[in-house]
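A.B. asks: model the structure of this input:
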Amino acid sequence: MRFGRVLRRGAMTLCIGVGGGAAVVVWKATTLANEVALESLKAHAKSSSAAGDDELSRRIQTTPLPTRAQHLASMRTKTYDVLVIGGGSTGCGVALDAAARGLSTALVEKLDFASGTSSKSTKLIHGGVRYLQKAILGLDVEQYRMVKEALSERANLIEIAPHLAYPLPIMLPLYKLWQLPYYYAGIKCYDLVAGRQLLRSSYYLSKSKALELFPMLRAEKLVGALVYYDGQQNDARMCLALALTSARLGANIANHLEVIELTKGQDSSGKEVLTGAHVKDRLTGETFDVRARCIVNATGPFTDSLRQLDSPEAKKICQPSSGVHIVLPDYYSPSKMGLLDPNTSDGRVIFFLPWQKSTMAGTTDNNCAVTDGPCPTESEVLFVLKEIRNYLNPDINVRRGDVLSAWSGIRPLVVNPNSKDTQSIARNHIIEVSQSNLVTIAGGKWTTYRLMAEETVDRCIEVCGLKAKRPCSTRGLLLDGAHGWTPTLFIRLIQDFGIDVEVAQHLAGTYGVRAFKVAKLAKLTGKRWPMIGIRLHEDYPFIEAEVMYGIREYACTAVDVIARRTRLAFLNVHAAAESLPNIINIMAKELGWSAAQKQLEFERAMEFLNGEMGLGLKASSGQESDALESITEDEIDLYTKRFKALDSDSKGFITVNDLRKYFKRAGEQVSEDQLHEILSEVDLNKNAEVDIDEFLQLMNALKTGHVSTSRLARAAQLNEEMGISSSNDYGKSGGGL
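C.D. replies: So this is what the prediction gives:
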């Protein structure tokens with residue numbers, strides 16, 4: 001085996017030899033190494049200059065947030081330089097860039113900030129290892145530049161929001177010897193392209209060390225592993241931070257404000273141009289006009305809808321693709337190490353990442369229709385689970401019932417309308433200007449939102465003749481909550497307010513220095529410790545004060561709170577559903593909701609959880625039969641009857657209440673703690689339910705000897721012998737969903 005790399009002026013030659021053969025890839029890119037170094041130096045100098053803008057930083061730290069009503073009042077009367085339509089990462093980035101340049105700016109969003117793709121990402125801030133691989137193997141300079149830009153933006157994002165973004169090591173396990181030099185070369189190229197923006201250097205791990213750091217990994221045939229670094233973020237909170245920062249710099253922003261039509265007029269030369277938008281407040285039904293000299297279309301998957309609102313004959317450029325992610329309990333992965341599977345069974349890439357003290361896995365890639373509420377499908381969830389099994393130790397039973405939530409995000413892939421090849425997907429972003437001066441920014445990725453925004457505002461200034469007070473200032477500009485943040489800030493929260501450690505870490509890592517404002521809203525717990533901070537759910541660090549503070553940050557509905565002001569719906573749909581009544585009561589008190597409005601909010605939130613978050617998914621029976629090899633069909637029938645008999649209300653799962661009813665009928669005295677212990681023995685995903693799949697796997701474990709005894713199994717047997725039966729029709733597989 002031999003491995004060599006030669007950098008020559010005017011060319012990069014990569015030689016990889018395995019055994020007696022050799023593969024040689026030659027990439028001719030003019031002074032590549034020099035270009036990387038030069039661009040990194042420029043980026044560093046530009047970052048230092050922007051970070052020194054004291055006036056902008058002062059305004060971000062000290063300017064109070066206007067209320068939503070105040071934003072709307074301004075929108076009715078002002079004429080703006082820029083009106084941004086779309087409140088995702090791109091739209092909020094454009095609003096921030098424009099406001100930082102001194103342009104009068106407004107932003108409107110049909111639903112909530114980050115309600116679409118921007119809250120449903122893989123949570124990574126990355127350049128794209130696979131794109132670099134394609135760039136090298138395909139001699140694609142455009143993809144190389146895209147990776148280089150993304151790596152620079154990755155470093156900037158971690159710098160400007162250190163409380164929301166951080167470096168994450170990601171392991172690439174290797175199961176074939178030839179993969180070692182091949183992937184090592186690729187990962188080192190990734191480091192090289194990052195240049196001075198490198199987070200940390202990649203490295204090789206032996207088999208034993210890899211298993212020590214990632215003990216869940218499949219050990220059979222493992223030859224070693226590579227570890228590289230990318231960034232991870234709380235995507236919805238990051239997008240909201242962009243929106244809040246723009247508001248503190250003078251932008252008027254409003255969620256739940258839908259564009260009904262675009263208004264037009266004539267400029268000084270007689271050309272028909274856009275002059276604004278007719279909007280509808282989805283909360284009140286009120287409509288009015290927002291006037292602007294330049295309009296930006298940053299609507300992601302809805303790009304074509306707005307383009308055709310401007311010009312009905314406009315050809316579609318968006319090709320939407322859905323990506324499904326699932327969340328599993330934290331014991332599926334180490335707390336500080338991710339995993340990358342670069343070669344799934346159908347050629348996709350699967351990430352397996354720790355996130356918010358849970359484990360997230362994804363994603364899929366399927367064509368889809370554009371909708372406000374994309375829903376995951378059972379087949380997509382099962383695909384992700386299947387790929388996970390290939391990399392985890394066989395002793396770990398990857399169960400459908402462990403899925404705590406599942407969601408689908410729509411990637412707004414675009415075809416460049418200016419390209420001769422109209423079927424070619426643009427992996428980078430594109431900016432299009434219509435005849436009426438609608439500036440459309442489409443494509444791209446979360447990581448490069450800032451660069452996309454900068455180029456978009458540059459185009460707005462050029463096309464519409466806008467007069468900015470200063471050049472682009474967003475590189476190095478700290479976002480809301482970042483000023484004065486340190487990794488130990490949570491200790492001050494504990495000492496100053498008497499908050500639980502986990503809650504304090506969560507608040508500091510979500511709100512930055514604004515966490516103190518949240519803590520001041522927190523109520524006494526009535527306990528010796530923690531003194532304040534009543535949790536919304538006992539298993540998660542979100543507290544009631546966040547609901548009240550979320551309203552100050554423009555949360556208008558219960559879904560806004562459970563999905564984006566907190567991430568409860570993304571982490572555990574059952575916990576979100578259980579917390580809903582309390583959340584709605586808090587919001588009702590703050591916003592003056594009637595009983596009818598509270599009921600409507602509950603119904604809408606449950607519809608959201610059932611559809612978009614996967615609570616309503618039902619796996620068909622038999623999909624986990626591969627894990628029940630030791631029990632016969634007759635035994636499955638027997639155990640299913642026992643399960644149904646114990647499930648007294650025909651719910652499809654067993655709860656503590658079912659056990660309580662059984663022991664009462666049996667005349668046995670069992671304490672509440674004992675009831676929970678009995679259920680907990682089987683309820684591995686800790687959602688307070690045992691479904692048929694969990695029950696059958698328990699019986700399988702009892703038969704094989706992996707489990708010696710179970711009080712729940714014994715209760716089910718005795719319950720059947722007592723003649724207590726139920727007529728329920730089993731239709732649920734999966735404790736989590």
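
A.B. asks: next secondary structure after the helix or strand harbouring Met587?
C.D. replies: Using DSSP states H and E, Met587 falls within helix 573-591. With elements assigned by DSSP H and E, the helix or strand that comes after helix 573-591 is helix 595-611.

A.B. asks: could you list the buried residues of that next one?
C.D. replies: 598, 601-602, 605-606, 608-611 (16 or more other Cβ atoms under 10 Å). (C-beta placed from N, C-alpha, C; glycine too.)

A.B. asks: coming back round to it: contact partners of the helix holding Met587?
C.D. replies: Applying Cβ atoms under 8 Å, 6 or more residues apart in numbering, the contact partners of helix 573-591 are 404-405, 536-537, 539-540, 542, 544, 547-548, 551, 555-556, 558, 561-562, 568-569, 593, 597-598, 601-602, 605-606, 609, 613-615, 687-689, 736-737.

A.B. asks: ChimeraX command for the buried members of those?
C.D. replies: Applying 16+ other Cβ under 10 Å to those leaves a buried subset, and the ChimeraX line that selects it is:
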select :404,405,536,537,539,540,542,544,547,548,551,555,556,558,561,562,568,569,593,598,601,602,605,606,609,613,614,615,687,688,689,736,737
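
A.B. asks: in strands, which of the contacts of helix 573-591 fall?
C.D. replies: Taking DSSP state E as the definition of strands, these contribute 405, 536-537, 540, 542.

A.B. asks: the stretch 51-200 of the chain: helices as residue ranges?
C.D. replies: Along the stretch 51-200 of the chain, counting by DSSP state H, counting those that start in this stretch, helices occupy 54-62, 68-77, 89-100, 129-137, 141-160, 179-194.

A.B. asks: now the ones in strands among the contacts of helix 573-591 in TSV, with distance to Glu313 and pLDDT?
C.D. replies: TSV is the format used below for the ones in strands among the contacts of helix 573-591 (distance: Cβ to Cβ, whole Å; pLDDT from 0 to 100):
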residue	distance to Glu313	pLDDT
Ser405	41	96
Leu536	50	97
His537	51	95
Tyr540	50	97
Phe542	48	98
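
A.B. asks: those: which two are farthest apart?
C.D. replies: Ser405 and Leu536 (15.7 Å; Cβ to Cβ).

A.B. asks: my read: Ser202 touches Tyr190, true?
C.D. replies: Yes: here Ser202 reaches Tyr190: they are 7.1 Å apart, a contact under Cβ atoms under 8 Å.

A.B. asks: what sits in contact with each of the two?
C.D. replies: With Cβ under 8 Å, 6+ apart, Ser202 and Tyr190 have common neighbours Tyr228.

A.B. asks: so for stretch 241-252, mean pLDDT?
C.D. replies: Averaging pLDDT along stretch 241-252 yields 98.

A.B. asks: which one of the helices of the stretch 51-200 of the chain lies nearest to Glu432?
C.D. replies: Closest to Glu432 of the helices of the stretch 51-200 of the chain is helix 89-100 (Cβ to Cβ; 13.7 Å).

A.B. asks: by contact count, what packs against the closest one?
C.D. replies: Helices and strands touching helix 89-100, by 3 or more Cβ pairs under 8 Å, 6 or more residues apart in numbering; DSSP states H and E, are strand 79-85, strand 105-108, helix 235-248, helix 449-464.

A.B. asks: so that helix versus helix 449-464, what angle?
C.D. replies: 60 degrees (axes from the mean of the first three to the mean of the last three Cα atoms, to 10 degrees).

A.B. asks: and the angle from helix 89-100 to helix 235-248?
C.D. replies: Going by the same axes, to 10 degrees, helix 89-100 makes 20 degrees with helix 235-248.

A.B. asks: coming back round to it: want to throw the helices and strands packed on helix 89-100 into CSV with distance to Leu168 and mean neighbour count?
C.D. replies: Converted to CSV, these look like this (distance: least, Cβ to Cβ, whole Å; neighbours: other Cβ atoms under 10 Å):
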stretch, distance to Leu168, mean neighbour count
strand 79-85, 30, 26
strand 105-108, 30, 30
helix 235-248, 14, 27
helix 449-464, 19, 22
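
A.B. asks: could those go into a markdown table alongside distance to Lys123?
C.D. replies: Shown next, in a markdown table, are those (distance: least, Cβ to Cβ, whole Å):
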| stretch | distance to Lys123 |
| --- | --- |
| strand 79-85 | 24 |
| strand 105-108 | 23 |
| helix 235-248 | 6 |
| helix 449-464 | 14 |
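
A.B. asks: closest to Ile494 out of those?
C.D. replies: With Cβ to Cβ as the criterion, Ile494 lies closest to helix 235-248 of the helices and strands packed on helix 89-100, at 21.2 Å.

A.B. asks: show me what secondary structure element comes after the closest one.
C.D. replies: strand 252-254.

A.B. asks: surely Ser710 and Val682 touch.
C.D. replies: Yes: under the criterion of Cβ under 8 Å, Ser710 makes contact with Val682 at 6.9 Å.

A.B. asks: those two: which is more packed in?
C.D. replies: Val682 (21 against 18; other Cβ atoms under 10 Å).

A.B. asks: is the more buried one within a helix or a strand, and which one?
C.D. replies: Here Val682 is assigned to no helix or strand, by DSSP H and E.

A.B. asks: need the contact list for it.
C.D. replies: If you count contacts by Cβ under 8 Å, 6+ apart, then Val682 has 690, 694-695, 698, 710, 712 around it.
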